[in-house]
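Participant: What shape does this take:
(chains A and B, ligands or ions: 3)
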Amino acid sequence: MVYFLRRFVFFLGTLWAAVTLNFLIPRLQPGDPAEAIVSRLAGQSESVDPAQVQAIRVMLGTPDGNLFDQYVQYLGAVLHGDFGISYTYFPYSVTHMIGQALPWTVILVGVTQIISFIVGTLLGTWAAYRRNSRVDSVITLGSTFLGTLPFFWLALLLVYVFAITLHWFPERGGYGGGSSPGWSWLFISDAFQHSVLPAVALLITGPIGWIIGMRNNMVQSLGEDHTRLAVARGLSRRRVAITYGARIAILPNVTGFAIALGGILGGTVLVETVFNYPGMGRLLLESVSSRDYPLMQAIFLFTTVGVLVANFLADLLYGFLDPRVRKVESA
Amino acid sequence: MALLEVDHLSVTYTPRDQPANRAVHDVSFHLSEGEFVGLLGESGCGKSTLGNAVLRLLSPPAHITGGRVAFDGVDLTEADDEQLRKLRWVDLSTVFQSSMNSLNPVIRVQAQFADTFAAHKVPGDVTERATELLELVALDRRVLRAYPHELSGGMKQRVALALALALRPKLVLLDEPTTGLDVVVQRGILTRLAELRRELGFAVLFISHDLGTVLEMADRVMVMYGGEIVEDRPAAEMLREPRHPYTRGLLGSYADPRLPDVRVSYIPGRPPDLSRTHAGCLFTTRCPHAEDPCRTIHPDLLPDRGGLVRCLVAQENRLPVVTLGSAEAATVLGSHFPATGSLDRPADAADAAPVLTVERVSKRYTSRRGMRTNTVEAVRDASFALRPGRVTALVGQSGSGKSTLARLVTGVERPSSGEVRFTGEGGADVRVDRLRGRALRDYRRHVQMVFQDPFSALNPTRTIAYALSRPLANFAGLRGAAARERTAQLLESVGLSPAGQFLDKLPHQLSGGQRQRVVTARALAPEPRVLIADEPISMLDVSIRAEILELLGDLVRERRLAMLYITHDLLSARLLADEVLVLNQGTLVERGATREVIGSARDDYTRLLLDSIPNPFGKAAGQQTLPST
Ligand SMILES: Nc1ncnc2c1ncn2[C@@H]1O[C@H](COP(=O)(O)OP(=O)(O)OP(=O)(O)O)[C@@H](O)[C@H]1O
Ligand code: SF4
Ligand SMILES: [Mg+2]
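Facilitator: Ligands and ions are numbered 1, 2, ... in the order given. Prediction:
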C-alpha cells in the first residue's frame, strides 16, 4: 500500500512540475510570444475577439502583471481545457484542433503499438526459448536488418508499391474526398483503407525493439540460477520458459510499453507526415513550423501529461508484477 | 553397481573470445547408496563444473568432451530431455552454490514447491506437504507465503534444502550450501543436514572449499586440483594421514584456536592455467616435495593405503611420514609449507598510549514505518582503545554491530552518545565524533580500511598503478614519477615483488590473494596510523588466508599501526590479534587477551561462536582417543 501511495504522490509532484514548467517557459522566453501571436492574428483578420486575446495572454504571459495571479489564471484555464485559439487554424480553438486530431492518432498508433508489443514479446520469447537455433537466427537477424532500414524509406516504398503502382490503397490522407467524418459505414471503411499503409509501416518497425529487448532479457533470465534450478527440479521446458524465463524477462518491457503508449498523444511525426495523416504528429509539425505558440504549448502539455499518466500506471502495474519493488520501496 | 558412477569424465569450456579451458579432466569416481562424499578444492578447480556435469546442467560454452555419468544404471550423458526430466529431483536433487538466487524472485515460496510437485504429478495437498518439508529444516509455515527477497540468506538456504528433499531423492548434490553465511547460521544448517541424512538415508555429494567442514561431515573425501582428482579416501583416514602434498597443505591451514600454540600454513603460488597443457604434475610449482620427474611425468590416480592418490612421490612411499589424529595435526602437516603462528609482539605495545579511544559509545538508528517509529540500538555503550603495534579483534555474528562500530571509528557516522578520540602525532586529541568537512577528510588519511571483497574493491578497468596513485595524489600530493616510485615501494611492502611486474596489470589478472594485497597497499598509501580490516580474508581461499594474515601481522609490527580486525572467524582472530572484543547485539560481552578469551570463554555467546568453527581434528581426536574416564 505504501508503495502505491508513494507512487501516487510522486506522480502528482511531477505532474505539477510539468504544468508549471509549461507556464514558465513562454514567460522566460526573450520577447513576448503572446504579443507576437496577438499582433499576427490582428494582421490576419479584423475580428479578433478580445476574449480570445485574453485567453492567449493567460496561457503565454502578460508583459506586466503579477506572476502569481497569472499562475492562478493559467491553472484555471488548464483545468478547463481552455488553451486559447490557434493561430494557424484561426478561428478554431486549440482544444478543438486537438480534439480533431487526437482520435486519428490514438486509433492508428495505439492499435499498432499494442499489436507490436504483443507480437514483439511473443517473437522475442520464442527466439530466446529456441536460442541459437535457426528460428532464433531468423528472428534476431531479421529484426536487426529491418531495424537498420530508414523508416521513411520503408514508408515511401510501401506507398510506391501498394498505392502508386498497385493502387490497392490510397496514397495519403486519413479519409477520401467522398466521405466526411461521422459514424457512417462509408466513412469507417474509407478511414480503414487509408490507415492500412501507415499501420503496416508501423507494424514492420514497431515490434523490433520489443523483440530484441525480450529476447535479451529472457536469455539472461534463463541463465539465472533459479532457472537452472527449475530445470534441475524436472519442470518441463515450457513451464521453465514461461514462469521462470518470460515472467521475469517481461518486467522491464512493461514500463517501456506504458511510456510508449503515453507518448502516442504526441503523435508520430514521421508516419503522419509521410502519409499526410491528420493526427497529432502532423498538427505538432504544423504548429512548430508556423510558430503557433498556443497550439504548440497545448500539444507539449498533452504529451507530457500522457507520458506521466502512463508512467504512473506502469509503476502501479510493475508493483503488482514484481513483488521486489514493493518491498524495497516500503522498507 | 554404485548409485552414481562417473567414468573418465572431461568437461571443457570453449568461450568465443578466450582459449578453451579444460575445467574437468578425466574424473572417475563412484558413490554408493547413502554415502556422504565430500568434494574439496580451491576456487576454480572445477568442483561446480563437475557437479553441473553430473546433473547435466552444463550450458554453453561448457561441453562434456569425454566419459560418462551413470545414475542408478541410467547413462545420463546419453539420456534425452524427457528421461532426464523424470529422473530429476525424484532421484537426484541439488542445492546450488549461490542459493541466494536460486529461488524465483517473483513467485512465492509455496508456488515453487507447487511447481515441483506438479512437475512430477505428486498427489496431495501442496501446503501440507510443503509445511512438513519446512519443518524438517526448522522453518515456520509462514515462510510459504513469503517471496524470496523477504527471507534472510540462511532462511533461503533452508528453503533450498527443503526443496531439495521434497521428493525424497536418493542423492542430493550440495554445492557450497553454506558459503557466505554467518558461522552460527552455517553450523545450524549443517547440523540439521547431518540429522536429516541419518533419518532419511539419502546419499550426498558435498562440494566445498572448506576442508574443515567437509572432513567433519563426510564419510569419504575427494580432493580436486586443477580439474583432476588428486586424492580420494575415507575422511578419517585422510585426517590420520593425508597422502597428497596438496591435501597436506590444505589441512595445514586449519588449527584449533583453543590450543596454547596455534600455527597454520599456506600454499604459496597459484593454481595452474587450465587453458594450457602441462606435461608433469599440475601441483609441481607449489609443491614442497617436487622432484625432477614431477615436471615431466603426469602421475596417475593409483590405489594407496585404502584410498587413491595422484602423486609420484607418495606412490613410492617417500613422503615424510606424519601420523596424525592428534590435535597438533596442523602444526606437523603444514611444516613443509610457509607458516604463520600466533604472533609474538613486543610487550611494550600493550601499554603504549592509545591512538584511538572509543568511550561509552552508543548508536541508535530510527526507522519510521507508517505511524510507528522503530529504534534499533546497533551499538550500546561500547568502550575500547586501539594502540600502536597492536591488533584488536572485533568478533561477532553478522548483524551484531561490527561494521557500525567501524563506521563510527572512521567518522562516516556519528555516535548517538559517547566519544571517539584520535590522538594525533603531537599528542593532541581530536574528537572524531565532532569532525566535519575538511577536518574529517584530513582525519580519514590516518584511518584506512581494508574491505572484505578484493574483487569489487578495485576498479576492473584501471591498472594497479592507477589504483595506488589516487590516494598518493589525494593525501600525499605525490604525482608522476614520484608517485610511481612510491607505488612500487608500497607493492614491495605487501609482498608483491618485483613491483614492476604488477604495476601495469589489471585487477582480473591477479589472484584473489594478490588483489587483497593490492587493496592493503592502497590502504597503506596515505601512511595511516590506524588500519581497519573488515573481514579481509573471508572471501579468499583457505589455502591463502594465512598468507594475508601474516602480511597484516607484519605490517602492524613494522609500521606500528593500530589495527581493528573485524571478523567472525575466531581462528584468524587467534592468529592475528593481541586482544579480542566479542560483540553480541551491539553490546561488548567479553574482552581480554586473545588467548584467554578464546582458551577459556566465559560468555555463552563466545562459546557458541567457538563451537561453530568446523573442527576436523576434533573428529579425528574423538575417534582415536579412548574415553578418558
Ligand atoms: N562460463 C565459463 N566460461 C569459461 N570458463 C569458465 C566458465 N565457468 C567456469 N569457467 C572456468 O572453469 C574452471 C572451473 O570453474 P568452477 O566454477 O567449476 O570452479 P569451482 O571449483 O566451483 O570454484 P568455486 O569454488 O569458486 O566455486 C575455472 O577455471 C573457471 O575459470
Ligand atoms: S607428483 Fe611431485 S609435484 Fe606432484 S604432488 Fe607429488 S611430489 Fe608434488
Ligand atoms: Mg563452485
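Participant: B:Ser102 against B:Leu161, yeah?
Facilitator: No: counting by CB atoms under 8 Å, B:Ser102 stays clear of B:Leu161, with 10.8 Å between them. For the C-beta atoms, the positions are set from N, CA and C on the backbone; glycine is no exception.
Participant: Give the residues shared as contacts by the two.
Facilitator: Counting by CB atoms under 8 Å, 6 or more residues apart in numbering or on different chains, the shared contacts of B:Ser102 and B:Leu161 are B:Val95.
Participant: Three-state assignment for the residue in the stretch 251-400 of chain B that ligand 1 sits nearest to, please.
Facilitator: When distances are taken as CB to the nearest ligand atom, the stretch 251-400 of chain B approaches ligand 1 most closely through B:Leu274, which lies 5.5 Å from it. For B:Leu274, the secondary structure call by DSSP: H, G, I helix; E, B strand; the rest coil comes out as coil.
Participant: How much space separates it from ligand 2?
Facilitator: For B:Leu274, the distance to ligand 2 equals 16 Å [CB to the nearest ligand atom, to the nearest Å].
Participant: which one is the one residue in the stretch 151-300 of chain B that gets nearest to ligand 1 nearest to, not counting chain neighbours?
Facilitator: Closest contact between the stretch 151-300 of chain B and ligand 1, by CB to the nearest ligand atom, is at B:His209 (4.9 Å). Across the structure, with CB to CB, 6 or more residues apart in numbering or on different chains as the measure, the residue nearest B:His209 apart from its sequence neighbours is B:Glu42 (5.6 Å).
Participant: Hmm, B:Arg270 and the one you found touching each other?
Facilitator: No: in this structure, B:Glu42 sits apart from B:Arg270 without contact. The criterion is CB under 8 Å, and the distance is 9.7 Å.
Participant: Show me where chain B dips below the pLDDT cut-off.
Facilitator: With pLDDT under 70 as the threshold, chain B has low-confidence stretches at B:98-100, B:180, B:322-351, B:367-374, B:427, B:454, B:511, B:615-629.
Participant: before we move on, the earlier item: now the residue of the stretch 251-400 of chain B closest to ligand 1: how far from B:Arg56?
Facilitator: For B:Leu274, the distance to B:Arg56 (CB to CB, to the nearest Å) stands at 22 Å.
Participant: Neighbour count for the two, which is higher?
Facilitator: Higher neighbour count among B:Leu274 and B:Arg56: B:Leu274, with 23 against 19, using other CB atoms under 10 Å in any protein chain shown.
Participant: Spell out which residues of the stretch 101-250 of chain B are next to chain A.
Facilitator: With the criterion set to CB under 8 Å from any CB of the partner chain, the stretch 101-250 of chain B comes near chain A through B:101-107, B:115-116, B:119-120, B:147, B:149-150, B:160, B:163.
Participant: now, which of those sits nearest A:Ser287?
Facilitator: B:Val106 (44.2 Å; CB to CB).
Participant: Look up which helix or strand that closest one falls in, please.
Facilitator: B:Val106 belongs to no helix or strand when assigned by DSSP states H and E.
Participant: Surely it is in contact with A:Gly319?
Facilitator: No: here B:Val106 does not reach A:Gly319: they are 11.9 Å apart, not a contact under CB under 8 Å.
Participant: who's in contact with residue 318?
Facilitator: All of this refers to chain A. Applying CB under 8 Å, 6+ apart as the definition, the contact partners of A:Tyr318 turn out to be A:Leu251, A:Val254, A:Thr255, A:Val325.
Participant: What about ligand 2: which of those touch it?
Facilitator: When CB under 6 Å from any ligand atom is applied, no member of the contacts of A:Tyr318 is adjacent to ligand 2.
Participant: Widest-spaced pair of those?
Facilitator: The most widely separated members of these are A:Val254 and A:Val325, with 11.5 Å between them, by CB to CB.
Participant: Against B:Thr567, how distant is the residue nearest to B:Pro614 when sequence neighbours are not counted?
Facilitator: Taking CB to CB, 6+ apart as the measure, B:Pro614 lies nearest to B:Gly212, with 3.2 Å between them; neighbours along the chain are not counted. Distance, B:Gly212 to B:Thr567, using CB to CB: 16 Å.
Participant: where along the stretch 101-250 of chain A do the helices fall?
Facilitator: A:134-148, A:151-158, A:185-223, A:225-232, A:237-239, A:247-249 (DSSP state H, counting those that start in this stretch).
Participant: Compute the inter-axis angle for the helix or strand following the last one and helix A:185-223.
Facilitator: Spelled out, it's helix A:247-249. Sequence order places helix A:251-263 as the next helix or strand after helix A:247-249, per DSSP H and E. For helix A:251-263 against helix A:185-223, the angle between stretch directions is 160 degrees (axes from the mean of the first three to the mean of the last three CA atoms, to 10 degrees).
Participant: Show me what counts as buried in helix A:251-263.
Facilitator: Using 16 or more other CB atoms under 10 Å in any protein chain shown as the burial criterion, the residues of helix A:251-263 that qualify are A:Leu251, A:Asn253, A:Val254, A:Thr255, A:Phe257, A:Ala258, A:Ile259, A:Ala260, A:Leu261, A:Gly262, A:Gly263.
Participant: For the nearest residue to the fourth one once chain neighbours are set aside, list the residues it contacts.
Facilitator: Nearest-residue entry for A:Thr255: A:Ala314, 4.5 Å, with adjacent residues in sequence omitted and distances by CB to CB, 6+ apart. Listed by CB under 8 Å, 6+ apart, the contact partners of A:Ala314 are A:Val254, A:Thr255, A:Phe257, A:Ala258, A:Ile259.
Participant: Distance from stretch B:34-43 to the middle of the chain?
Facilitator: Centroid displacement of stretch B:34-43 relative to its chain, using CA atoms, centre = their mean, to the nearest Å, is 16 Å.
Participant: Using CSV, list the CA coordinates for it.
Facilitator: Coordinates of the C-alpha atoms in stretch B:34-43 are reproduced here as CSV (Å, rounded to 0.1, in the frame of the first residue of the first chain):
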residue,chain,number,x,y,z
GLY,B,34,23.5,-43.5,1.4
GLU,B,35,27.2,-42.4,1.2
PHE,B,36,28.3,-38.9,2.2
VAL,B,37,31.1,-37.9,-0.1
GLY,B,38,32.9,-34.5,0.1
LEU,B,39,34.5,-32.9,-2.9
LEU,B,40,37.1,-30.4,-1.9
GLY,B,41,39.3,-28.0,-3.7
GLU,B,42,40.1,-24.3,-4.0
SER,B,43,38.2,-21.8,-6.1
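Participant: in the stretch 401-550 of chain B, which spans are strands?
Facilitator: Taking DSSP state E, counting those that start in this stretch as the test, the strands found in the stretch 401-550 of chain B are B:417-423, B:429-431, B:447-450, B:530-534.
Participant: and chain A, which residues reach chain B?
Facilitator: Within chain A, the positions adjacent to chain B are A:2, A:132, A:223-226, A:228-237, A:239, A:243-244, A:247-248, A:251, A:321-324, A:327 by CB under 8 Å from any CB.
Participant: now B:Thr77: how far from A:Ile259?
Facilitator: In this view, B:Thr77 and A:Ile259 are 48 Å apart by CB to CB.
Participant: With B:Glu228 instead?
Facilitator: For B:Glu228, the distance to A:Ile259 equals 54 Å [CB to CB].
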